[in-house]
Every structure is written in structure tokens, then in C-alpha cells.
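> sharing a model prediction with you, sequence too.
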Amino acid sequence: MIKISNLHKYFGDNQVLKGIDESIARGEVVSVIGPSGSGKSTFLRCINLLEQPTQGEIVIDGQSITAPGACIDKLRQKVGMVFQNFNLFPHKTVQQNITLAPVKLGLMSQAEADSEAMRLLEQVGLSDKASAYPASLSGGQKQRVAIARALAMKPELMLFDEPTSALDPEMVGDVLDVMKQLAQAGMTMVIVTHEMGFAKDVSDRVIFMDGGYVVESNVPEQLFGQPQEPRTQAFLSKVLR
Amino acid sequence: MLDAINTSLFTPIGEDGLIGIYLILNGLKVTLIVTLFAMILGAILGVATTLMKMSSRWYLRWPANFYVGIIRGTPVVVQLVILYFIVLATWDVDKVSAAIIAFGLNSGAYISEIIRAGIQAVDKGQTEAARSLGLSQAVTMKEVILPQAIKNILPALGNEFIVLLKETAVIGFIGGVDLMRSGEIIRSRTFEDSVPLFTCALIYLALTYSFTFMLSKFEKRLKQSD
């Protein structure tokens, strides 16, 4: 579904991605782990062009998104993104957050979007919060609304950028449960995470990144059980204590 | 003291036989008219300048940056005098209109900076979230960024209004008779210093203070929706 070849990204003189080659199949759930500064968030943000790759190609569903003149807005409609800091629109209610994009892009009428929003809120366990403003929600609730907002566009692929890193520990479970449901429902997902247990449980494949490279990529049992590369072993020995 | 007040404000002075309080009220009217219309002109110019500054086309960006740079880099009184005596010299423009244009041009530059700062203060994540949903740059601006930026912009615009009100006190430089200039006229006719000057000061203070008061109430209401 996604084919990434020779992806490089510089911020000024600082090279963050040093040639990434990856393929992600439809329905696959891929977790990306690695130390801070390893480039995993940048890698994820390149997939929907929130960061413009310096070099390399990304093809989604046979369409190159890095080609000049590619319609980025159309692509992004197919790719949902969930951020570490939620980024809900504070001046809109939960329901308006969810319905804004599908209505403005002419994909649904307001009535259709409203009932879709209610369905999604039920799915993430927040049907009583439809008319609340984001400021009155807890972090875990905000993140579940953010997931519902992304799902309202009926994306074919969901990107998660450390979705639980800004949450109080007791909120993490609710968000991970929603993500687990999504994975079981067959959504294609790429998840940058520090939740090793979750990555192990949910992923079809885990990618370990360090220093701008993909160091190792394998099914979770193998990557966590018998890591091949010394850097993976060193990282895992620190985080899996 | 009472004598001084009586002479300065309530006794016919000068050849026209007008009393001081009448001069003061007329001057106050000019001050308020200039401030109000300059603010309106400035708001229009400010929005236009901001749009030009945010444009991707250099031939829109450059003039906007030039305009803001010139206005911010020179005193408003210099701009007023140059505009009235040089730029508008060949046209028959009255002093109040000239003052409105000069102060409008001046505040337009500052207002464009206020709008820009208000937009930039909105978290970058908001743009990213909206764009990641597939919304265009324009829709993102209209639906997500501007409604939030307005909350930063409106209070700062209120401050700009107060600053402008006080800055108009230099209208006398082109011979316009505003509040400050009326005080000066009374001073020169009666040789009383304290009463006309403190009267002017008190009126400015009352205006800015009541406006600040209204502004803080308004800001509280803006905050309630957070």
C-alpha cells in the first residue's frame, strides 16, 4: 500500500533521515520504536508530507506523493493522523471537531456528518461528550476524540505520532484500547510509540530506528525476543527492564 | 484657583469671544473623529497589509514590508507633517482629513503587525491537524486559525486604539485644532498654564481609562469561552 524508497530528510544541515526503504501492506499494523532523535516522528510525518522529504520517493496506492504537482490535500484525506498533543480545535465542540473536515470537503452533508460523529464517539466511548469543548476533556478523552476526528474522513491509513506520550498513566489504557480495536478491524496503521507492551501486542511488525536509519524490522516476537542488531539489543535492554 | 478655572474655561476669551470649555469640547470632537476614522482606515490597511505579507508572491510581500518598515521606523509626527505639507500639498485636503489619512496609515502598519502576531501565536499543531485532514490552506485559515487568532488580536487592537488616541495630540503640528491644541490656544489667550493643560490631561486620562476598563471586561468575556 505504501512504498517508501531512499527517503532522506534534512533540517538545515542536520540530516534526520538517512535513506529509509520500507513497504507497508494494506491492513498491516506497524510500530516504530527507537530512542529520541532517531527520526521516527520525522519518518511518520513524511508519509503525509507534514515534512517535505529532501530526497526519495513515497508511493501510496500506486500514486507518488513526492512527485511535483501531486495533489497533497487529496492524499491527506486518505491518511489520518493522530498527534502527541491531540491538536483538537479548541473553539469547536467535540462534534464540530469531527464534522468540520468531511463537511467542508463536501464528502458528507452536515446531518450525515453529525450522525457519523455520534457513531464514532460511541466507538471511542465518548458519546456523552458530543457538545463539550476540548478544554473540558481529560487528555485521554481528547486523544480519543482526535482519533474519531481522523476516522471521520474514512482514511485508508492511520498514522499515530506518540499518541500516549502526553497522557497521564491512567489514561493510556483507554486510548490504547481504541487503537487495538482499530487494528483488529483491519485498519492499516503506523504507530510511533514508546509503549513496548502495546507494540508487542498489537503490531504485525516492529521497526527499530536509530540515528536516521531503520536498524531492524521484524515481527514483534522476533524483534523483542531475539533482536539481531547490537543497537536494538542495547536499546531494548534499557527500555524493557 | 477658582479664578483661574473661571478665566480659562468659562469666560469669553480672545477676539471671537468664545469660552474655553467650548474650545475644549470642539477639540475633543476633532480628537475623537480623527482617532475613530484613523482606526477604521488602519484596520482596513492592516488586514490588506497582512494578506500581502503572507502572500507567496514577492511583488506583494515587498511593498507591504517596505510600508511597515518605513512607518515603524519614523515618528508619527514626522509622517503627519510630510503627508500634509508635501504629499497632500497640491490637493485641497482639510486638516482633519489629512490627519485621518496620516494616522490611518500609521496605525495600519501597527495593526498588520498585531494581526500577524495574533496568527503566529496560534499553535502550529492546529495548522498541522487541519491540513492532515485534507483541508486546504485557505479553509484552514478561515475555519481553524482566524477564529483563534481573533482572541489574540482584539485586545491588542484595543490597546492600539488607546495609543492612537494619545498620539493624535500632535495634530497641532499641521494647524489642526484637536483637544491638545485647544488647550494650547486657551493657554496663549489667558496666560493660564495649569487649568487648560490639566483639563486636557484629565480628559485624555478619562477617555483611555474608561476604554481600558471596557476592554478588560471584554477580554474577560473572550476568556470565558476557553
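Yep, it's here. Numbering: from 1, shown residues only, chains lettered A, B, ... in the order given.
> interface residues of chain B facing chain A?
Within chain B, the positions adjacent to chain A are B:123, B:125-126, B:128-136, B:139, B:143-144, B:147-148, B:225-226 by CB under 8 Å from any CB of the partner chain. For glycine as for every other residue, the C-beta is placed from the backbone atoms N, C-alpha and C.
> contacting residues around the nearest residue to B:Ser55 once chain neighbours are set aside?
Leaving aside its chain neighbours, B:Ser55 sits nearest to B:Arg61 (5.7 Å; criterion: CB to CB, 6 or more residues apart in numbering or on different chains). When contacts are counted by CB atoms under 8 Å, 6 or more residues apart in numbering or on different chains, B:Arg61 touches B:52-53, B:55.
> now B:Ile203
B:24, B:28, B:179.
> between these, which is closest to A:Ile207?
Checking the contacts of B:Ile203 against A:Ile207 with CB to CB, the nearest one is B:Leu179 at 70.9 Å.
> so the closest one touches B:Ile24, yeah?
Yes - under the criterion of CB atoms under 8 Å, B:Leu179 makes contact with B:Ile24 at 6.9 Å.
> higher neighbour count, those two?
Each of B:Leu179 and B:Ile24 has its neighbours counted (other CB atoms under 10 Å in any protein chain shown); B:Leu179 has more, 27 against 21.
> buried residues in whichever helix in chain A runs longest, which are they?
Among all segments of chain A classified by DSSP state H, the helix with the greatest residue count is helix A:169-184. Under the neighbour-count criterion of 16 or more other CB atoms under 10 Å in any protein chain shown, helix A:169-184 has A:171-172, A:174-176, A:178-179, A:182-183 buried.
> any idea of the angle the very next helix or strand once past it forms with helix A:169-184?
Downstream of helix A:169-184, the first helix or strand assigned by DSSP states H and E is strand A:188-192. Put simply, strand A:188-192 runs at 150 degrees to helix A:169-184, going by axes from the mean of the first three to the mean of the last three CA atoms, to 10 degrees.
> strand A:188-192 packs against which elements?
The contact analysis (3 or more CB pairs under 8 Å, 6 or more residues apart in numbering or on different chains; DSSP states H and E) places strand A:188-192 against strand A:29-33, helix A:40-47, strand A:157-161, helix A:169-184.
> direction included, what does it pair against?
Partner strands and pairing direction for strand A:188-192 (DSSP bridges) are strand A:29-33 (parallel), strand A:157-161 (parallel).
> pick the most deeply packed of those strands.
strand A:29-33 (a mean of 25; mean count of other CB atoms under 10 Å in any protein chain shown).
> what's the angle from that one to helix A:40-47?
140 degrees.
> give me the element the spatially closest residue to A:Cys46 that is not a sequence neighbour is part of.
Spatial nearest neighbour of A:Cys46, excluding adjacent residues (CB to CB, 6+ apart): A:Pro53 at 5.1 Å. Assigned by DSSP H and E, A:Pro53 falls within no helix or strand.
> following the longest helix seen in chain B, which helix or strand comes up?
Counting residues, the longest helix found in chain B (DSSP H) is helix B:20-54. On the C-terminal side of helix B:20-54, the closest following helix or strand by DSSP H and E is helix B:58-73.
> distance from that following helix to the middle of the chain?
With CA atoms, centre = their mean, to the nearest Å as the basis, helix B:58-73 stands 19 Å off its chain's centre.
> and that helix with helix B:20-54, angle?
Interaxial angle, helix B:58-73 versus helix B:20-54 (the same axes, to 10 degrees): 150 degrees.
> how about helix B:58-73: buried residues?
B:60, B:64, B:67-68, B:71.
> and for stretch A:224-237?
For stretch A:224-237, burial by neighbour count (16+ other CB under 10 Å) applies to A:224, A:227, A:231-232, A:235-236.
> can you put the residues you listed in TSV and add pLDDT, distance to B:Arg116 and secondary structure?
As requested, the buried residues of stretch A:224-237 are arranged in TSV below (pLDDT from 0 to 100; distance: CB to CB, whole Å; DSSP: H, G, I helix; E, B strand; the rest coil):
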residue	pLDDT	distance to B:Arg116	secondary structure
A:Phe224	93	49	helix
A:Pro227	92	50	coil
A:Arg231	94	45	helix
A:Thr232	94	47	helix
A:Phe235	94	43	helix
A:Leu236	93	47	helix
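> how about the nearest residue to residue 187, chain neighbours excluded?
Using chain A. Among residues not flanking A:Met187 along the chain, A:Met158 sits closest, at 5.6 Å (CB to CB, 6+ apart).
> that's the other chain; I wanted chain B
Distances taken as CB to CB, 6+ apart place B:Pro196 nearest to B:Arg187, at 4.9 Å, with adjacent residues excluded.
> center of chain B, which residue is that?
Centroid check for chain B by CA atoms, centre = their mean gives B:Leu164 as the closest residue, at 2.9 Å.
> element containing that residue?
B:Leu164 belongs to helix B:146-167 when assigned by DSSP H and E.
> buried stuff in that helix?
If you call a residue buried by 16+ other CB under 10 Å, then helix B:146-167 has these buried ones: B:146, B:148-153, B:155-158, B:160-165, B:167.
> do the same with stretch B:22-35
Neighbour counts over stretch B:22-35 (16+ other CB under 10 Å) mark B:23-24, B:27-28, B:30-31, B:34-35 as buried.
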